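Q: requesting a structural model of the entry that follows:
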Amino acid sequence: MAIDLKGLSAQELKRLATDIKKQQTALNKRKPIAGVRKKVIALAKAEGYTIAELFGGKSAKAAPAKKAAKKGAKKATKKVAPKYRNPANPKETWSGRGKQPLWLAAQVKKGKKVEEFLIKK
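A: Modelled structure (predicted):
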């Protein structure tokens with residue numbers, strides 16, 4: 001973050017200097033990160049967890065779910081009732097989800113409308 005100090009007035013510079021001192025004081029009051037990290041790890045371990053389980057990352061328990069997601073595993077979806085039927089072959093149906101089936105795409109290409117193939121209930 002670059003601040004163009006040349007474009008600031010004396011009052012703006014003074015406010016900026018005050019804000020800088022406040023931020024430095026707040027940062028100096030914080031405990032060293034290594035000490036805090038040790039405490040968090042110890043607390044997690046005492047409760048039977050690993051840091052990876054709590055915050056993500058590699059761990060024996062968390063790895064299988066992440067591996068499956070990386071490999072492009074599809075999550076289970078409900079089967080959807082068909083909305084369209086091929087009049088030439090009534091066994092061929094389409095739910096309206098995903099890519100249009102070839103039989104329907106061919107009919108649309110011939111000038112027919114998708115609505116003509118709706119299954120009437």
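Q: just confirm Lys78 is within a helix.
A: No - applying DSSP: H, G, I helix; E, B strand; the rest coil, one finds Lys78 to be coil, outside a helix.
Q: give the contact list for it.
A: Lys78 makes contact with no residue, according to CB atoms under 8 Å, 6 or more residues apart in numbering. All C-beta spots, glycine's among them, are computed from the backbone N, C-alpha and C.
Q: how close does it sit to Ser95?
A: 11 Å (CB to CB, to the nearest Å).
Q: same check on Gln107?
A: Counting by CB to CB - Gln107 and Ser95 are separated by 17 Å.
Q: of those two, who's got more company?
A: Of the pair Gln107 and Ser95, Gln107 is the one with more neighbours under other CB atoms under 10 Å, namely 20 against 11.
Q: could you pull up phi and psi at that one?
A: Dihedral pair for Gln107: phi -70, psi -40, per degrees, to the nearest 10.
Q: show the pLDDT at it.
A: What the model reports for Gln107 is a pLDDT of 93.
Q: ok, longest helix in the chain?
A: Longest helix in the chain by number of residues (criterion: DSSP state H): helix 10-29.
Q: tell me how far it lies from the chain's centre.
A: 37 Å (CA atoms, centre = their mean, to the nearest Å).
Q: show me the strands in the chain, by range?
A: Counting by DSSP state E, the chain has these strands, from start to end: 84-85, 93-94.
Q: go through these and name the closest to Arg37.
A: strand 93-94 (54.7 Å; CB to CB).
Q: can you list the strands that that closest one pairs with?
A: Applying DSSP bridges, strand 93-94 is found paired with strand 84-85 (antiparallel).
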